[in-house]
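A.B. asks: have a look at this fold, sequence not included:
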C-alpha cells in the first residue's frame, strides 16, 4: 500500500516538511542503499518517504545492498516505517528506525540491525557515507555488533574496531599476483587478541567491502559477514 504521509501526521511528529518548505530550508533528497542484517528473522518490509512525501517500499535484498532510492530527510533524519500508511493517532507506532544524516550528504549506505527486545523503534540504523570521497573504491568498512573490542588485519593495514562503530580500512596494496591478501579478524579476551576468522580475500580497486562482525544465534564467538559492493550506482541528477 502506498500512501502519502499527511501533513497532520508530519505535524504530530514535529516533522513538518511543508512548513519548512515555506521557509526554504528543506534538505535535498538523499540517495540511499540499504541492507537488513537480522540473522534471527526473515526479511521484513520497510517503507521510506520519497521526495514527494509518499511512503514507498524500501527494496531490500537478501545479503546484499538494495538498489538506490531517493528519500526525503525530515529534520535532518531519514525515517523508516513498517507500513506504507501512518496512523495519525499513533504516528510513532509504525516507525521502525531513524537515522540522522549530515546536512550535505547526498548518498548513504544504511545498515539496519535489530535493537534490543521490545525496543522502540525496533531497528537501529547505521550510516556509511556512500560518496566517492567518503568511501573510495578499493576501501573497506567494518561494523562491529559485538560488545567486545575487535580488530581487522587486511594486508598491510591493522585497525581496531570498537563496538557499534564503523571503521575505515584503506585500500590494500600488499597483495599477490592474483590480488589476494591475508585478512584476519580478532577479538580481545582477557587482554589478549585472539584470531577468530582467517581469510584470503581478493582486493580489487573497483570493489568495496563491508564487513559486519556479529555473534550468530547459538554461537559462542564472533562471525564475519561480508557484503561486496561492485559499483556505486547514482540516480539521475545525483552526484
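C.D. replies: Done, it's in. These numbers come from a predicted model, not from an experiment. Residues are numbered from 1 along each chain as shown.

A.B. asks: helices along this protein, start to end?
C.D. replies: Read by DSSP state H, the chain holds these helices, from start to end of the chain: 7-13, 17-22.

A.B. asks: give the contact list for the closest residue to residue 171 other than its chain neighbours.
C.D. replies: Nearest residue to residue 171, sequence neighbours excluded (CB to CB, 6 or more residues apart in numbering): residue 138, at 3.6 Å. (Glycine included, C-beta is placed from N, CA and C.) The neighbourhood of residue 138, defined by CB atoms under 8 Å, 6 or more residues apart in numbering, consists of 171-172, 203-208.

A.B. asks: let me know the pLDDT of residue 138.
C.D. replies: At residue 138, the model reports a pLDDT of 95.

A.B. asks: got it, and residue 23?
C.D. replies: Taking residue 23 on its own, its pLDDT is 43.

A.B. asks: do the same with residue 119
C.D. replies: 81.

A.B. asks: repeat that for residue 226.
C.D. replies: So, for residue 226, pLDDT stands at 95.

A.B. asks: ok, it touching residue 209?
C.D. replies: Yes - if you go by CB atoms under 8 Å, residue 226 and residue 209 touch, sitting 6.0 Å apart.

A.B. asks: between those two, which is the more surrounded one?
C.D. replies: Comparing residue 226 with residue 209 by neighbour count (other CB atoms under 10 Å), the higher total belongs to residue 209, at 20 against 13.

A.B. asks: just checking, the more buried one touches residue 225?
C.D. replies: No - applying CB under 8 Å, one finds residue 209 not in contact with residue 225, separated by 10.8 Å.

A.B. asks: so what sits against both of residue 226 and residue 209?
C.D. replies: Joint contacts of residue 226 and residue 209 (CB under 8 Å, 6+ apart) are residue 201.

A.B. asks: how many residues are close by residue 105?
C.D. replies: When neighbours are counted by other CB under 10 Å, residue 105 registers 19.

A.B. asks: and residue 180, bridged to which residues?
C.D. replies: Counting by DSSP bridges, residue 180 is bridged to residue 202.

A.B. asks: and residue 73, what does it touch?
C.D. replies: When contacts are counted by CB under 8 Å, 6+ apart, residue 73 touches 27, 29-30, 101.

A.B. asks: take those and keep only those in strands.
C.D. replies: Taking DSSP state E, the ones among those that sit in strands are residue 30.

A.B. asks: farthest pair within the contacts of residue 73?
C.D. replies: Greatest spatial distance in the contacts of residue 73: 29 and 101, 10.9 Å, computed using CB to CB.

A.B. asks: picking up where we left off before, show me which of the contacts of residue 73 are buried.
C.D. replies: Buried subset of the contacts of residue 73 (neighbour count, 16 or more other CB atoms under 10 Å): 27, 29-30, 101.

A.B. asks: pick out the lowest-pLDDT one from those.
C.D. replies: Across the set of the buried ones among the contacts of residue 73, residue 27 stands lowest in pLDDT, at 78.

A.B. asks: tell me the contacts of that one?
C.D. replies: The contact partners of residue 27, by CB under 8 Å, 6+ apart, come to 72-73, 76, 103.

A.B. asks: would you show me how to pick out the buried ones of those in ChimeraX?
C.D. replies: Selecting only the buried entries of these in ChimeraX, with 16+ other CB under 10 Å as the criterion:
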select :72,73
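
A.B. asks: turn the contacts of residue 27 into TSV, including distance to residue 164.
C.D. replies: Listed next are the contacts of residue 27 as TSV, based on distance: CB to CB, whole Å:
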residue	distance to residue 164
72	27
73	22
76	21
103	23
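
A.B. asks: just the closest of the contacts of residue 27 to residue 36, please.
C.D. replies: Checking those against residue 36 with CB to CB, the nearest one is residue 73 at 20.0 Å.
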